[in-house]
Every structure is written in C-alpha cells, then in structure tokens.
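Enquirer: Sequence below, structure please.
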Amino acid sequence: MRIVELIIDENDEASGIEAISLVETPAIESNFIALNKQEVLLKEIDSEKKILMGAALIPDKSIYRRNEKTDDEYYIYFSKETVRKASELFFKRSNHKNATYEHQKPIDNMTIVESWIVEDSKKDKTSLYGMNVPVGTWMVSMKVDDKEIYEKAKAGEIKGFSIEGYFADKYDLQKDDKNQEIIKQLKDLLK
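Expert: Take a look at the predicted model:
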C-alpha cells in the first residue's frame, strides 16, 4: 500500500488547517482528556471552565485513508516540520475558534486556548496527564462553551481531535516542480 507524505504548499494560500473537529474516532488514534478539578495535577482548574486537551497532529504517524469514489487505499503522514508549520499557520490565520463536530456541523463557542509542540516527552505537560505522545506532536487545549458537546466528551461519545485542512502530496508537488523546471528549460532552448 502506498504511503503519502502530506506537506503544506507554501504557494497555495488554502494549504493548512482550517478547523479542528471533535470526533468519536480520531484518525491519529489519540484521545484527549477532559480536564476537570480531579484530573489537574499542577493547579486547580474550575470545573466550569470545561477544557479538553489532546493531540491535534502527531508527526510520522501512519493514518489509513480510503478514497470511497475510487476505492484507492493508502496511508498518509505528516513530518515534524509540517506539523510545526501547520500549527503556526493555524494561529496566523486566526483559526483558533474554528471547530466542527464529526467534520460536519460547525460548533460555536469553542476556542483553542493553549497550543504547543512537544519538545521532550518525559518533561512535557502531556506526561503529567498520563498521555504518551512523541516529540513533535501538536497539542491543544480547547475551551468548550457548548454544554451539549462537553457532555458528549464526558460521556465518551467524543474521544479526540481531528484536523480539517488542505495539504499537498509531497511527491506530486515535487513532480510538478520538476515538470515546471523542464518546461522552463525547453522554453529557454527555443528562444
């Protein structure tokens, strides 16, 4: 089965993450934790704050995909560099309030209030919450002011985050670059 590295196309303004979806089955297979008074180890967080913390994107994680139209099956992954770029662009474009439920229904009253890239898995905040994620993982904490969504998360109906965005296939993008270079060379020869 083919493996595709997805990257951010710096020439395409649409490339990157537009929203974070709250889902029952996250493709990255990493559930978030609902932070409440009993689970906080560093400081007390008021249970009224309703904060969910989890991985938004894990580098080098093979994620199975199937194109339903063509029945094409493959795996995708994101490098550490792409994860970092995606997280930075997400905030540069002010997408921190863009959230959906199961990639379908936009949800209001959701805000990413904290974001970081794991630099050391043993000393990172994630280890305090019993989360074992690799270095380079993009972690987020989301404030949930939608009571119904928060109750679904507490009940286990929502288990994690899933990104929504546009990425380029690294191989296809490199192929396009090579084709453009060949066309340029041919044009130069014909002059």
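
Enquirer: Distance check, residue 50 against residue 114.
Expert: Distance of residue 50 to residue 114, given as CB to CB, to the nearest Å: 14 Å. Just so you know, the C-beta spots here come from the backbone N, C-alpha and C atoms, and that holds for glycine as well.

Enquirer: Tell me the helix or strand right after the helix or strand of the chain with the lowest mean pLDDT.
Expert: Lowest on mean pLDDT, DSSP states H and E among the helices and strands of the chain sits strand 33-35, with a mean of 47. Per DSSP states H and E, strand 33-35 leads on to strand 51-57 as the next helix or strand towards the C-terminus.

Enquirer: In its sheet, which strands sit next to whichever helix or strand comes after that next one, and in what direction?
Expert: Later in the chain than strand 51-57, the nearest helix or strand by DSSP H and E is strand 63-67. Note on strand 63-67: by DSSP bridges, its sheet partners are strand 72-78 (antiparallel).

Enquirer: Run through who's touching the partner strand.
Expert: Strand 72-78 is contacted by residues 1-7, 57-67, 86, 167 when judged by CB atoms under 8 Å, 6 or more residues apart in numbering.

Enquirer: cutoff 7 Å now
Expert: 1-6, 57, 59-66 (CB atoms under 7 Å, 6 or more residues apart in numbering).

Enquirer: Determine the angle, from 0 to 180 degrees, between that strand and strand 51-57.
Expert: Here strand 72-78 runs at an angle of 110 degrees relative to strand 51-57 (axes from the mean of the first three to the mean of the last three CA atoms, to 10 degrees).

Enquirer: tell me which of the contacts of strand 72-78 is nearest to residue 127?
Expert: residue 59 (17.4 Å; CB to CB).

Enquirer: Quick check: pLDDT value at the closest one.
Expert: The per-residue pLDDT reported for residue 59 equals 95.
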